[in-house]
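> I would like the atomic coordinates for the input below:
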Amino acid sequence: MHIVVCIKQVPDSAQIRVHPVTNTIMRQGVPAIINPYDLFSLEEALRLKDQFGGKVTVITMGPPQAEDALRKALSFGADEAILLTDRAFAGADTLATSCALAQALRQIGEKEPVDLVFTGKQTIDGDTAQVGPGVAKRLDLQLLTYVAKIDELDLAGRTITVQRRAEGGVQVLKTRLPALITMLEGTNEMRFATMTDMFRAARSPLTVWNKDDAGITDISKIGLKGSPTVVSKVFAPKPKSVPAQMLDIGGKSQTEIADLIIDTLSAKHAPLYGELFDRAL
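Modelled structure (predicted):
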């Protein structure tokens, strides 16, 4: 079994600042991390490898310093890492990114067929959740989004059964392989890197591909040229200061306390909260 996990190195969102004049994100001095949602996918891939054997390959597209994210993934137990880096990839939006990753996955599949592709549900810097579905569409893979649990993987029958979180409940879906899965947050807990894997990650040579290595011939579909998205402005939300309101709950039952809270919120934020509470009740 061969599993490929697509990861992304992103700036730590807790330390991002927006330039007050240019309204652009200030990345200088902001530490880079693996996109947190991608870690849930990586851990799920490693668990399947532990159970069924096989190989886990991680791939990312980014500048040369994205090597750090790949080595981190190797330290967790991934077997191979591929870095897509080329000036032609610069400025890529989700459409161009999915194009580049899909072509790289084709190249990987020609050398060793891919059974499963994992991505996080979205990234913390873009928050679009578009790259995973875009890759699946380009490669004609079965797409399973917002997966909360993998119930069964039948390698002999080439099928997989998952639980997908949907509005109003959970869907149990079964589909054929190969497939692309986007994992939800909180579905598992990332393992600790072992000392052996940490040394292996530090020593292992990474596979570095430019656009030619990835088999990309039409540069109008990648990078800035292949990105129709235009960001007109980036801004930080203004902090709000709302004074706390004390409620007298002395001697009241739990039901009365709940009614008091609902009435207070409904009065302050009607009709929004009133509608939400009516639905909940």
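> What residues are recorded as beta-bridge partners of the spatially most central residue of the chain?
Closest to where the C-alpha atoms of the chain average out (C-alpha atoms, centre = their mean) is G120, at 2.5 Å. Counting by DSSP bridges, G120 is bridged to M183.
> measure it to A267 for me?
Distance, G120 to A267, using C-beta to C-beta, to the nearest Å: 40 Å. Just so you know, the C-beta spots here come from the backbone N, C-alpha and C atoms, and that holds for glycine as well.
> picking that back up, am I right that the residue nearest to the centre of the chain is in contact with Y37?
Yes. G120 is within contact range of Y37, at 2.9 Å (criterion: C-beta atoms under 8 Å).
> tell me the secondary structure for the residue located most distally from the centre of the chain?
Largest separation from the mean C-alpha position in the chain: G251, at 47.7 Å (C-alpha atoms, centre = their mean). When classified by DSSP: H, G, I helix; E, B strand; the rest coil, G251 comes out as coil.
> how deep is D263 tucked in, by neighbour count?
13 (other C-beta atoms under 10 Å).
> Which of the helices or strands spans it?
Using DSSP states H and E, D263 sits in helix 254-269.
> quick check: mean pLDDT across that helix?
Regarding helix 254-269, the rounded mean pLDDT is 81.
> List the buried residues in that helix.
Buried residues in helix 254-269, counting neighbours by 16 or more other C-beta atoms under 10 Å, are found at I262, L265, S266.
> Return the list of helices and strands in contact with it.
helix 272-280 (3 or more C-beta pairs under 8 Å, 6 or more residues apart in numbering; DSSP states H and E).
> separation between G120 and D127?
As judged by C-beta to C-beta, G120 and D127 stand 11 Å apart.
> so where do the helices sit in the stretch 51-200 of the chain?
Taking DSSP state H, counting those that start in this stretch to define them, one finds helices in the stretch 51-200 of the chain at 67-76, 94-111, 131-139, 195-203.
> so for the next helix or strand after the last one, what's the average pLDDT?
Heading C-terminal from helix 195-203, the first helix or strand you meet, by DSSP H and E, is strand 207-209. Per-residue confidence for strand 207-209 averages out to 95 on the pLDDT scale.
> Other residues contacting strand 207-209?
E80, A81, I82, L83, L84, T85, D86, A104, Q107 (C-beta atoms under 8 Å, 6 or more residues apart in numbering).
> Which residues are in contact with the last one?
Going back to what we said before, that points to Q107. By C-beta under 8 Å, 6+ apart, the contact list for Q107 reads W209, D213, A214, G215.
> number of nearby residues for the second one?
In other words, D213. 14.
> swap in the first one?
Neighbour count for W209, taken as other C-beta under 10 Å: 21.
> got the buried residues for whichever strand or helix holds F40?
Per DSSP H and E, F40 falls inside helix 36-52. Residues Y37, D38, L39, F40, S41, L42, E43, E44, A45, L46, L48, K49 are the ones in helix 36-52 that count as buried (16+ other C-beta under 10 Å).
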